[in-house]
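K.L.:
structural data only, the sequence is not supplied:
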């Protein structure tokens, strides 16, 4: 794999840029960003030359289906992120199991990830997630039900949660 493809998909929350390899594996995704900035979130071992494409086949189709109301359409899209730590990789897989409309708190996420006392590590897994939407860190809330943080901005997180039918906090 010597290259990645970048595509922008318009959403009600802003443009979603996705970086995927020729096999349709997502390496990064983010709102309102260019592919160069997004590539900086990809682990150096996974970075490749990026070529723009108007669409990414099944990846673009899954995003469009998600936007049209099939909230689980993105679940089947393969994602590859690399980390030097076991917990992050496991936490990212755990995030993919959090269902739309059923957000969890950082404390609950830490417990689901097998380390109930590692709330800060769970929050770090969300912060280091390069594949927004596909690894749905937007589904993690503060203990009081508030939004907490989100790399792509709280208005985007609020829209995603509302789209998924979640009660939206502040």
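P.N.:
Now that the structure is in, tell me what you want to look at. The structure presented is a predicted model; accordingly, all values stated were derived computationally and were not measured.
K.L.:
what packs against the worst-scoring helix or strand of the chain on mean pLDDT?
P.N.:
In the chain, no helix or strand scores lower on mean pLDDT, DSSP states H and E than helix 35-39, which sits at a mean of 86. When contacts are defined as 3 or more CB pairs under 8 Å, 6 or more residues apart in numbering; DSSP states H and E, helix 35-39 sits against strand 3-11, strand 14-20, strand 26-31, strand 49-52. No exception for glycine: its C-beta is placed from N, CA and C like everyone else's.
K.L.:
for the last one, which strands pair with it and how are they oriented?
P.N.:
Pointing back at strand 49-52 there. strand 3-11 (parallel) (DSSP bridges).
K.L.:
average pLDDT for the strand it pairs with?
P.N.:
Average pLDDT, strand 3-11: 94.
K.L.:
what lies in contact with that strand?
P.N.:
15-22, 27, 31, 35, 38-39, 47-56, 59-60, 63-64, 67 (CB atoms under 8 Å, 6 or more residues apart in numbering).
K.L.:
list the buried residues of that strand.
P.N.:
4-9, 11 (16 or more other CB atoms under 10 Å).
K.L.:
using JSON lines, lay out the residues you listed together with distance to residue 43.
P.N.:
Output for the buried residues of strand 3-11, formatted as JSON lines (distance: CB to CB, whole Å):
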{"residue": "4", "distance to residue 43": "12"}
{"residue": "5", "distance to residue 43": "18"}
{"residue": "6", "distance to residue 43": "17"}
{"residue": "7", "distance to residue 43": "20"}
{"residue": "8", "distance to residue 43": "22"}
{"residue": "9", "distance to residue 43": "23"}
{"residue": "11", "distance to residue 43": "25"}
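K.L.:
tell me the one of these nearest residue 90?
P.N.:
The closest of those to residue 90 turns out to be residue 4 (CB to CB; 24.6 Å).
K.L.:
just grab the bridge partners of that closest one for me.
P.N.:
Residues in beta-bridge contact with residue 4 (DSSP bridges): residue 50.
K.L.:
same question for residue 16.
P.N.:
The partner residues for residue 16, given DSSP bridges, come to residue 9, residue 31.
K.L.:
done for today, thanks.
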